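Colleague: Could you work out the structure for the sequence below:
(chains A, B, C and D)
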Number of protein chains: 4
Amino acid sequence: MSTKKNLNIGLIGYGFMGRAHSNAYRKVGNFFDLKYQPVLKAACARNEQNAKAFADNWGYESVETDWRKLVERDDIDAIDICTPNNTHAEIALAAGAAGKMILCEKPLSMNGPEGLKMVKAIEKAGVPNMVWYNYRRVPAVTLAKKLIDEGRLGKIFHYRAKFLQDWTISEDLPQGGQGLWRLDVKAAGSGVTGDLLAHCIDTAIWLNGGMDKVSAMTETFIKERKHNLTGKVEKVGIDDACAFMARFKNGSLATFESTRYARGHKALYTLEINGEHASIAWDLHDLHRLQYFDHRDQGIVRGWRSIHVTDSDHPYMGNWWVPGLQIGYEHSFVHQVADFLEGIAKKKPASPTFRDALETQYICDAVLKSGKTGRWEKVANAK
Amino acid sequence: MSTKKNLNIGLIGYGFMGRAHSNAYRKVGNFFDLKYQPVLKAACARNEQNAKAFADNWGYESVETDWRKLVERDDIDAIDICTPNNTHAEIALAAGAAGKMILCEKPLSMNGPEGLKMVKAIEKAGVPNMVWYNYRRVPAVTLAKKLIDEGRLGKIFHYRAKFLQDWTISEDLPQGGQGLWRLDVKAAGSGVTGDLLAHCIDTAIWLNGGMDKVSAMTETFIKERKHNLTGKVEKVGIDDACAFMARFKNGSLATFESTRYARGHKALYTLEINGEHASIAWDLHDLHRLQYFDHRDQGIVRGWRSIHVTDSDHPYMGNWWVPGLQIGYEHSFVHQVADFLEGIAKKKPASPTFRDALETQYICDAVLKSGKTGRWEKVANAK
Amino acid sequence: MSTKKNLNIGLIGYGFMGRAHSNAYRKVGNFFDLKYQPVLKAACARNEQNAKAFADNWGYESVETDWRKLVERDDIDAIDICTPNNTHAEIALAAGAAGKMILCEKPLSMNGPEGLKMVKAIEKAGVPNMVWYNYRRVPAVTLAKKLIDEGRLGKIFHYRAKFLQDWTISEDLPQGGQGLWRLDVKAAGSGVTGDLLAHCIDTAIWLNGGMDKVSAMTETFIKERKHNLTGKVEKVGIDDACAFMARFKNGSLATFESTRYARGHKALYTLEINGEHASIAWDLHDLHRLQYFDHRDQGIVRGWRSIHVTDSDHPYMGNWWVPGLQIGYEHSFVHQVADFLEGIAKKKPASPTFRDALETQYICDAVLKSGKTGRWEKVANAK
Amino acid sequence: MSTKKNLNIGLIGYGFMGRAHSNAYRKVGNFFDLKYQPVLKAACARNEQNAKAFADNWGYESVETDWRKLVERDDIDAIDICTPNNTHAEIALAAGAAGKMILCEKPLSMNGPEGLKMVKAIEKAGVPNMVWYNYRRVPAVTLAKKLIDEGRLGKIFHYRAKFLQDWTISEDLPQGGQGLWRLDVKAAGSGVTGDLLAHCIDTAIWLNGGMDKVSAMTETFIKERKHNLTGKVEKVGIDDACAFMARFKNGSLATFESTRYARGHKALYTLEINGEHASIAWDLHDLHRLQYFDHRDQGIVRGWRSIHVTDSDHPYMGNWWVPGLQIGYEHSFVHQVADFLEGIAKKKPASPTFRDALETQYICDAVLKSGKTGRWEKVANAK
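Modeller: The predicted model follows:
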């Protein structure tokens, strides 16, 4: 173990994602045998007291209140951006310029053009970079990828994904401010499209390749909400719900839907792929299972198989407990850190890179545009 | 029981639906206490041998090989149309003119204008009429209707429905001819839109009211198939898959999808409605269950309820067995006959009438048009 | 069809089972191509008015109020016994003596010795005989039998079955009388053991062979109930709940449990078999599905398969609708009639015969005895 | 946070449980705001190299190869026993004598009398003590406890639990030695009874109170296996499967079953409780859900509720992520550590204590005895 190299992390933001990432950095070395060991070097937040409490809780060695200072520190190897979407670009550009590796929360940027700027900067800097689309690393989803890559599904006909929540139905919920920046279009850029559909899109292009065009419908059910920062009732700028149809480059048809107004669903990300020979389905509420149907099974015993993805030969699972004992949401982040660290050791980028995430950004742009034009919109080329 | 009146049925067509209806006529009186008793008076099919075999099997008293003769017979009270879609209009117009009641298989017609003609004719004739959108009478779906009508869901935000099958994936499957007329655009009018989505639409407008506009995507995956009637390889004219987005008049957003290329799904009609207070979900593969989520349940014990719709206070179920013992697909037809007969007794139309079904037809038209234009299309007014 | 032979049925009793059987007789010829056609010749009940109403509803040609007369009628080929358990023996002995075929509701008898008398009589009479353990004919259960007989499971280690209900929890429910004779030990012989566990046992010995010995626990939760016939509060004589362990002759271990005090379960008959290579599970609340796990599936895609038993190559299902469209509870009776009629045509007994059912009776006897002695009890030999 | 007190842990054993506990100690402070912070002071294992590798991986400050030395160290506050069952007593007695707190893996001891000795010693020492029956701290199970304690179920009629595995079906699997000591009766004391049923029993007595008597059946399917330590084929001494019936002191009836020969089940611990008003069910393969049925729900919408136990008002869940995001197996250990630490702070024992675990031991003894005698055996009194 003495041969492990330290990788000093400077993390900006201390919200939900700050916690998820910190937990992942702390755990990864206990469960994965890696060349690099993340070190919680510094936590950064504008409010010093909050920063200190967060650092203290998670064992960060130091605290910064100005991310520019953090970015300049010589003892930091990688910057982890866990701040609201409207700050990603500025931080990433500075971090790239300072030669730091970057791990950026999703979505990459406020929109495609901004994302392109970030991609160019990071590629010019030549540093390892990754965006936290963590669902690629849920073992059941990774297993789906493996089955698809092995060609088991054959030609793909259909892809469908939904991300359904129900936490903003009350009219009394304010927009903006601490913990609620996702409801403020100025901080978030969009509503469910960037927050939830971006996840669905990232998984989809990973599993099923690129998209040609999309046709969308968006809605804001509650038109005005009190804004926590101004204290006034203001027009709501985000999309509460968004559905879109898509055509993939491989000829398959897709439907996507996301909303925060689906009673009974807390965070129900579901996906399904129908191929010529086999189909796959998964949902986040029971993330440790993969549903698999293979038409080549003998007819009388053919049926959807509920695979409890906890065996040692399932992706990542050999590193955890024993068969039958499930892991949870947080582990997807541990896996992503493990892959990032292995990527550094092997000098191979861990997906999704900024450029991979730009593709999602372009799709989101086309979706939001189509929501306005009511027409099919082409997806810009991110490659 | 001696007070029962006979209702003489003349049924045209002897395929899948001919069987389903005949079974319903035979059973309804055993389980429902009704003023009218259907009598299997005559079965009609072009091929006399087939007609006789069918009549013999189901106990029809006589046989016709020309539906025009059947329609003219004085001893027939009601004509049941179970023939391919392209024959509905002609038969219905003649039956209406002859003053017969009509029970017509779905979809009502090849398209909206043809349907309108049928509606006008039947309304002028003033005879009881009904279209066999049988899923309204699955007890779990009827229960959903009841819960919605009681206002339990509150304002509706989302409706989504799918009808997924996988039986036409093979390129070797021919189009047209006996048992395969659904794949022949000349006989069917459209593919999954008229065959499957029409069911989804009928239920949707029943549960959630009318639609304003739709935006659709259609696809024919296998472009050419051997035609069974001509013996030649011909261009396939039907839609193999169709997805569409819709806006309901009540402000809710909807997504619909149907395909015959979804491996693993035999006849998976699913629907879900999300309201302000409660949500409902149902699927045809387990048709005897209704999923219900009520946000007003106490928080710590809130969850989706899997209602086994087999109690005597559930719709129609008091007429069958005892709690816990499920019924199946065929019973939806029995219920529809029961309601039709009760409608005659009470001189109240049983839904869906031809006019109700016209609304579905107009939506299908808009969907198919949008699939071509790539734009949102308004739904014509059927009322 | 003119070659069909009539089989004249005389049915005794008009309760739940009388309805289920009558429905089966009426439907079987529509869906199964058989040499024999059941004819509803006579219905018998002590109360003439009830008998007439029942006969009228189901289309029985005549009515009897004395089963002895029915048994003597020359125009009756088969006697169907749907009366309370304490009358089975007397009727069966008379019917056998009169040379009638017998279809007897389960359980065969009040106890083993009585059952043995019936078996001897019927075998002496040499007439076709069958006991209505209908769950053998649920297609998913029949499929399970097929898979087991093909040796797919390998050596069997475990069998477990439960039959859980919740309809007698209220203390106010009376015992005895119309519709409640199952709660009256004098009419029923026992409680859940003869009513519910007998079903589980019949399926078990069919699927897994005979039992050597059992160890049971029985309980009567509510000790006294008003008796509907006497009008007095009387001691309850039936078992409200019964659980037992068993050792099968093939070396497998089993647990069985039944109760009418399991809140939330209306008629949840579940069974599971674990073999060396594969396992099978089924439950009555979703009777159209079979769960199947095969360890020989490739590891990473191994999981329980949920088989929707509605394909044309599934047992009995080719006679019904199309794949994906489920049948229900009542169809198990149709299948049993079909098999009985085919058995007559082929001169092969349809299972379970009286002798097969005697084995269940002996096991019930051993279970009830063990519930009293608190010891393992040997099962008497029925072969 | 500076006010936190350190609690120095000395952990013995480095297997599966050593990992699970170490992970819990490391994480608990990040997610729970507690007075005490566990410090990984020393890891102990006979093989120094293994001990060092383990310590290095988990961050233990030091290593011991003799547990007696560890127990004597002044800088150790609590001894965590993660060694095979046959070593628990000796270590615990020494640790108690040295005045250390003790956290002992389950089962407490090889049998009841040995357990009683441990209980007496620890109670005499007066130190905090706990046994790692971790399933009490799965949030869904803790929620079940809460619902029961609130009286929601009413009088309890039935309890049933199973723990099914399938990992020892192969005859080639050896017994004994590294990772396989659970198959060696000398190290484990028993087979599934102590390993798996002990979990079921611990939860059961926590949820449903004490047991009066039991009647059991045990089996060893594979009679001889190669022993890894001796290299010889030896008689297998453990029970491969064990089922038992029980009577609880509250009048309810129970069935328990465990086996390692149930194909398709990796670690399927299931439990169900049926009360007068409500029922509860849970299973380890989807541990983040609780099934709840409440008969007091309105009839037409009554059904089993599938509660996704991830809300902030669910037990422990406010400390983790956001609603809809599930935790896994390992978190039950974190919760148990949290409760233990809070117990120290509040000077209230965290359950189950050694004495609580003794009750489970006595039940296991009665079960194993009954498996031999074939009779009902009384459970000794642990209180």
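
Colleague: Only C-alpha atoms from now on, for both contacts and neighbour counts.
Modeller: Noted.

Colleague: which parts of chain A sit against chain D?
Modeller: Contacts of chain A with chain D, taken as C-alpha under 8 Å from any C-alpha of the partner chain, map to A:1, A:16, A:29-30, A:56-58, A:265-268, A:284-286, A:308, A:321, A:323-330.

Colleague: filter these to the buried ones?
Modeller: Listed as buried from these are A:29-30, A:56-58, A:265-268, A:284-286, A:308, A:321, A:323-330; burial here means 16 or more other C-alpha atoms under 10 Å in any protein chain shown.

Colleague: now, which of those lie within helices?
Modeller: A:29-30, A:56-58 (DSSP state H).

Colleague: so which strand or helix has whatever residue of the stretch 51-200 of chain A ends up closest to chain C?
Modeller: Here the residue of the stretch 51-200 of chain A nearest chain C is residue A:143; by C-alpha to the nearest C-alpha that distance is 8.2 Å. In the assignment (DSSP states H and E), residue A:143 maps to helix A:139-149.

Colleague: So which other helices or strands are in contact with that helix?
Modeller: helix A:198-208, strand A:278-283, strand A:289-294 (3 or more C-alpha pairs under 8 Å, 6 or more residues apart in numbering or on different chains; DSSP states H and E).

Colleague: closest to residue D:78 out of these?
Modeller: Closest approach to residue D:78 among the helices and strands packed on helix A:139-149 (C-alpha to C-alpha): strand A:289-294, 37.8 Å.

Colleague: Could you give the number of residues near residue A:3?
Modeller: 8 (other C-alpha atoms under 10 Å in any protein chain shown).

Colleague: where does it land on pLDDT?
Modeller: Per-residue pLDDT puts residue A:3 at 79.

Colleague: got a list of what it touches?
Modeller: By C-alpha atoms under 8 Å, 6 or more residues apart in numbering or on different chains, the contact list for residue A:3 reads residue A:35.

Colleague: Tell me how far it lies from chain D.
Modeller: 12 Å (C-alpha to the nearest C-alpha, to the nearest Å).

Colleague: On the three-state scheme, that residue is what?
Modeller: Assigned by DSSP: H, G, I helix; E, B strand; the rest coil, the conformation of residue A:3 is coil.

Colleague: now residue A:163
Modeller: strand.

Colleague: contacting residues for it?
Modeller: A:196-197, A:200, A:257-259, A:267-270.

Colleague: let's go with 7 Å and repeat that
Modeller: A:196-197, A:257-259, A:267-270 (C-alpha atoms under 7 Å, 6 or more residues apart in numbering or on different chains).

Colleague: Quickly note the distance from residue A:84 to residue A:359.
Modeller: In this view, residue A:84 and residue A:359 are 20 Å apart by C-alpha to C-alpha, to the nearest Å.

Colleague: picking up where we left off before, is it true that the residue of the stretch 51-200 of chain A closest to chain C touches residue A:317?
Modeller: No. Here residue A:143 does not reach residue A:317: they are 10.7 Å apart, not a contact under C-alpha atoms under 7 Å.

Colleague: got a list of contacts for the helix or strand containing residue A:123?
Modeller: Element membership for residue A:123 (DSSP H and E) is helix A:112-125. Residues outside helix A:112-125 that contact it (C-alpha under 7 Å, 6+ apart): A:89, A:92-93, A:96-97, A:99, A:108-109, A:354-355, A:358, A:361-362, A:365.

Colleague: Toward the C-terminus from that helix, list the very next helix or strand.
Modeller: Following helix A:112-125 in sequence, per DSSP H and E, is strand A:129-131.
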